[in-house]
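A.B. asks: here is a sequence with its predicted model. Questions after.
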Amino acid sequence: MLLRVRVTLPDRPGTLGQVARTMGVSGADIVQVVVLERLGGRAVDDFTVVWPGAARVERLLAGLAAIPGVRVDGVWRAIGAPTASGQDAELLAQVAANPTDGVATLVDALPGLLAADWAVAAVVPLDWASRSGSAGEAAVGHASWRAPVPPRLPEVTPLRARAITVPGDAHFAVAPFGRAGLVLVLARECAGSPAAAAFHRTEVDRLAQLVRAGAVILGDRLDVVKAPPVAANP
């Protein structure tokens, strides 16, 4: 299976090599490394690895913890194989080629691009600011195939892109379309041990850029995305 392993490590020569060797000795085959951050002598890297299903992840965690200055921030299952650069442009090209299904295309594709479990396009009422408990008012316009029914949404407001963590439940990244009260919500389940890492700010920025570009492409087509109707009480 594919795993995503997020590691914070000293940004100095040799440390990355130690991490890579430890992963190899533990049985992990590294297929992709993404540098999320380099700041103040520290780096945050995401490793995508092929992991033997029968092996215990604790062996990998113990090996990485033994390297001075290294911290494992999260381990979670990845969806789909890593792709070459240009996947964001390819996704936007698909949206432009079939704008009628543009929002659904974004919702279905983004979990794979950003190592999330599921995604939804949430519809927030236009008068959300005047309501108390506005999170409970958000409804689902589109959902990816792995989304729970009903999805457990955080407090969704159409203001700005940000990361949200609901302790013991899930990590979320949310980004507004800037129109029609639509907000794209990505989720990583964080229950269990080891657990997924929270969304890094570079991932939130990437999500926001894709959503903004999608909004430009789709324009007034976003206005027709609505929550499914609720059946009236008999």
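C.D. replies: Cool, got the structure.
A.B. asks: neighbouring contacts of the longest helix along the chain?
C.D. replies: When the chain is parsed with DSSP state H, its longest helix is helix 201-218. Counting contacts by CB atoms under 8 Å, 6 or more residues apart in numbering, the residues outside helix 201-218 that touch it are 36-37, 88, 91-92, 95-96, 99, 102-103, 106, 110, 113-114, 161-163, 173, 175-179, 184, 186, 199, 222. C-beta here means a position set from N, CA and C on the backbone, and glycine is covered the same way.
A.B. asks: could you report the distance from the residue nearest to residue 10 when sequence neighbours are not counted to residue 21?
C.D. replies: Spatial nearest neighbour of residue 10, excluding adjacent residues (CB to CB, 6 or more residues apart in numbering): residue 69 at 4.2 Å. For residue 69, the distance to residue 21 equals 15 Å [CB to CB, to the nearest Å].
A.B. asks: in the longest helix of the chain, which residues are buried?
C.D. replies: Under the neighbour-count criterion of 16 or more other CB atoms under 10 Å, helix 201-218 has 203-204, 206-208, 210-211, 213-215, 217-218 buried.
A.B. asks: quick one: distance of it to the chain centre.
C.D. replies: 12 Å (CA atoms, centre = their mean, to the nearest Å).
A.B. asks: and for stretch 63-76?
C.D. replies: 21 Å.
A.B. asks: and it, which residues are buried?
C.D. replies: 63-64, 67, 70, 72-76.
A.B. asks: partners of the top strand by length along the chain in the sheet?
C.D. replies: Using DSSP state E to define each element, the chain has its longest strand at strand 29-39. In the sheet, strand 29-39 lines up against strand 42-50 (antiparallel) (DSSP bridges).
A.B. asks: same question for the strand it pairs with: list its buried residues.
C.D. replies: Per 16+ other CB under 10 Å, strand 42-50 contains these buried residues: 43-49.
A.B. asks: which one of these is nearest residue 1?
C.D. replies: Distance to residue 1 across the buried residues of strand 42-50 (CB to CB) is lowest for residue 49, with 9.5 Å.
A.B. asks: partners of the closest one in the sheet?
C.D. replies: Assigned bridge partners for residue 49, using DSSP bridges, are residue 3, residue 30.
A.B. asks: show me what contacts it?
C.D. replies: The neighbourhood of residue 49, defined by CB under 8 Å, 6+ apart, consists of 2-3, 5, 23, 28-31.
A.B. asks: show me which of the residues you listed are buried.
C.D. replies: Buried among the contacts of residue 49 by 16+ other CB under 10 Å: 2-3, 5, 23, 28.
A.B. asks: quick one: average pLDDT of stretch 76-93?
C.D. replies: When pLDDT is averaged along stretch 76-93, the result is 79.
A.B. asks: same question for stretch 105-120.
C.D. replies: 93.
A.B. asks: span of that stretch from start to end?
C.D. replies: Terminal residues of stretch 105-120 are spaced 11 Å apart (CA to CA, to the nearest Å).
A.B. asks: for the remainder of this discussion, apply numbering that starts at 726.
C.D. replies: Shifting the count to begin at 726 puts that one at stretch 830-845.
A.B. asks: ranges for the helices of the chain?
C.D. replies: Assigned by DSSP H, the chain shows helices spanning 740-751, 782-790, 812-822, 827-838, 926-943.
A.B. asks: CSV for those, including distance to residue 865?
C.D. replies: Formatted as CSV, the entries for those read as follows, by distance: least, CB to CB, whole Å:
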stretch, distance to residue 865
helix 740-751, 38
helix 782-790, 32
helix 812-822, 19
helix 827-838, 10
helix 926-943, 16
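A.B. asks: which among these is found nearest to residue 892?
C.D. replies: helix 926-943 (18.8 Å).
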